[in-house]
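Visitor: have a look at this prediction, sequence included:
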Amino acid sequence: MFDHYYGTPADNVKEKLAAGKTVLLEIDVQGAMQVFEKFPDATGILVLPPGSDELRGRLENRKRDKTEVIEKRLKKAQWEIEQARSGGRYKHTIVNDDLQEAIEKLVNLIKGRQH
């Protein structure tokens, strides 16, 4: 949606998993759906902003994007949230209202999966 296309080579992921490593991918919902297809045992962790007003404020405060881009991002975020929640593939949700707390929750989830 933002005209930026990235990819994580599946072979790299498979190699790390075969070596017993935990692989963390920071990807959008569309990318996650592809990962879930290739790796059915993947654990989805959805990281959400506290709300659409807060997300708008964060995007505007960055002062990196024009208004049209911010509107596009907000629209995509709403779509992604709807898709992620309706798809049932995300096993965990973290609300990023406090960055340090969100990081701690993520680290704890990952550590819990490693045991």
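Guide: Here it is on my side, so go on.

Visitor: going by C-alpha atoms from here, please, whenever you check contacts or count neighbours.
Guide: Noted.

Visitor: quick check: pLDDT value at the residue lying farthest from the centre of the chain.
Guide: What lies farthest from the middle of the chain is residue 19; by Cα atoms, centre = their mean that is 24.0 Å. Here, the pLDDT recorded for residue 19 equals 96.

Visitor: count of neighbours near residue 45?
Guide: Neighbour count for residue 45, taken as other Cα atoms under 10 Å: 20.

Visitor: er, residue 56 actually
Guide: 15.

Visitor: next one: residue 44
Guide: Per other Cα under 10 Å, the neighbour tally for residue 44 reads 20.

Visitor: same question for the one 3 residues further on.
Guide: The burial metric for residue 47, expressed as a neighbour count using other Cα under 10 Å, is 16.

Visitor: residue 107 versus that one, what's the distance?
Guide: Using Cα to Cα, to the nearest Å, we find residue 47 at a distance of 13 Å from residue 107.

Visitor: residue 77 too?
Guide: 24 Å.

Visitor: residue 55 now?
Guide: For residue 55 relative to residue 107 (Cα to Cα), the value is 23 Å.

Visitor: now the helices for this structure?
Guide: Secondary structure of the chain by DSSP state H: the helices cover 10-18, 29-38, 52-62, 67-87, 99-114.

Visitor: got JSON lines for these, with distance to residue 93 too?
Guide: Below are these laid out as JSON lines (distance: least, Cα to Cα, whole Å):
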{"stretch": "helix 10-18", "distance to residue 93": "23"}
{"stretch": "helix 29-38", "distance to residue 93": "13"}
{"stretch": "helix 52-62", "distance to residue 93": "16"}
{"stretch": "helix 67-87", "distance to residue 93": "10"}
{"stretch": "helix 99-114", "distance to residue 93": "9"}
